[in-house]
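>>> model this:
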Amino acid sequence: MKVLLTTDGSKSAEQTIRWFSRFPLKHSTSYEIMTVSNYHVYGVTPAAVFDETIRQESNHADESFQRASAILKEVGIEGLHVARLGNAADEITYYAQETNVDLIVVGAQGRGLLERMLIGSTSESVAQNATCSVLVVRPKAVQTEQVGEPLNLIIASDGSETDRELASQIKALHLSESTKVQLISVIEHPYLLEPGYEYDPQLSQEATTALNRLANELSPSFKHIDKHVLEQPHVADAILDYLGDQKADMLVLGDKGRSAMSRFFVGSVSRGLLRHAPCSVLLIRKR
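Below is the predicted model of the structure:
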């Protein structure tokens, strides 16, 4: 497994790497730490000023890598430095595709003002355009984490072949068997239906069957797996409501929008969850 960790030197980025370092991946996993410098100097700029800007950005990238590397070394992980120049989201996405990265890990915040208010533009762009799986780590998750406490993992199933890929990649993370795993599936109905609308029991049975199948795939890795079928007009709203009640550490969902027209865009449900989930989000893609 090849993991690409990203850092811009911010506290949020370092918290992201520290949070991910608790994942007991196999020793065969390779880790790379990517920094991207963006040398934007506007107007007519003397060569000396431009050179100094480049020097400062290069030093910042080196320092960012050293701090991130030190965090990984605490748990016995060696990370190689990948330094790039350009737009962060583009460089992360291009590099991951060119070198067959399996998982990109990116923080939901960065150094910019807007990125401190919402999911960062870099994070969202990477999640939207990458061809591999992406883990977007929320600062709230790393700040409230209790060391030694098992992760509370929520896995959203849609009953499709995507579930098999979900199970495969989750098992590849080698999480503790004490991880709290909850499998959820949502049966939605149009908003215009009467409040007393009765769901087709066959839909509920199909969702339950899919959850049981996914649970069987994961049962060798985890001691406790709960299953819940949710009935609500909108999938994203149902999952967000459930996340709020459960104090989840991470939401896992699949992205199967890989048609010729949509392969570079996550679906509206995934996009909404990436933006508004109160926890970290792992978006699973089949390479």
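>>> per the record, what domains does this protein have?
2-142, 146-284 (automatic domain parsing).
>>> Show the average pLDDT along the first one.
Throughout domain 2-142, pLDDT has a mean value of 82.
>>> same deal with stretch 272-285?
90.
>>> and that stretch, how far from the chain's centre?
Stretch 272-285 has its C-alpha centroid displaced from the chain centroid by 6 Å (Cα atoms, centre = their mean, to the nearest Å).
>>> Now tabulate the domains of the chain in CSV and tack on mean neighbour count.
C-beta: built from backbone N, CA, C; applies to glycine. As requested, the domains of the chain are exported to CSV (neighbours: other Cβ atoms under 10 Å):
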stretch, mean neighbour count
domain 2-142, 18
domain 146-284, 17
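>>> which residues in the chain form helices?
Using DSSP state H, the helices of the chain run over 11-20, 47-73, 88-98, 113-117, 121-129, 139-144, 162-172, 201-218, 235-246, 268-276.
>>> Grab the nearest non-local neighbour of residue 211.
For residue 211, ignoring the flanking residues on the chain, the nearest one in space by Cβ to Cβ, 6 or more residues apart in numbering is residue 227 at 4.3 Å.
>>> how close does residue 255 get to residue 38?
Using Cβ to Cβ, to the nearest Å, residue 255 is found at 27 Å from residue 38.
>>> check contacts around residue 153.
Contact partners of residue 153, counting by Cβ atoms under 8 Å, 6 or more residues apart in numbering, are 170, 175, 179-182, 248-250, 252.
>>> give me that answer again for 6 Å
By Cβ atoms under 6 Å, 6 or more residues apart in numbering, residue 153 lies in contact with 179, 181, 250.
>>> CA atoms of stretch 163-177 as PDB?
Output of stretch 163-177 as PDB, limited to C-alpha atoms (Å, rounded to 0.1, in the frame of the first residue of the first chain):
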ATOM      1  CA  ASP A 163     -19.300  -2.300  -0.600                       C
ATOM      2  CA  ARG A 164     -16.800  -5.000  -1.500                       C
ATOM      3  CA  GLU A 165     -14.200  -2.300  -2.200                       C
ATOM      4  CA  LEU A 166     -15.100  -0.600   1.100                       C
ATOM      5  CA  ALA A 167     -14.400  -3.800   3.000                       C
ATOM      6  CA  SER A 168     -11.200  -4.500   1.200                       C
ATOM      7  CA  GLN A 169      -9.700  -1.000   1.800                       C
ATOM      8  CA  ILE A 170     -10.900  -0.800   5.400                       C
ATOM      9  CA  LYS A 171      -9.200  -4.100   6.200                       C
ATOM     10  CA  ALA A 172      -6.000  -2.900   4.500                       C
ATOM     11  CA  LEU A 173      -5.800  -0.200   7.200                       C
ATOM     12  CA  HIS A 174      -5.400  -2.900   9.900                       C
ATOM     13  CA  LEU A 175      -7.400  -1.000  12.500                       C
ATOM     14  CA  SER A 176      -7.700  -2.400  16.000                       C
ATOM     15  CA  GLU A 177     -10.200  -5.200  16.400                       C
END
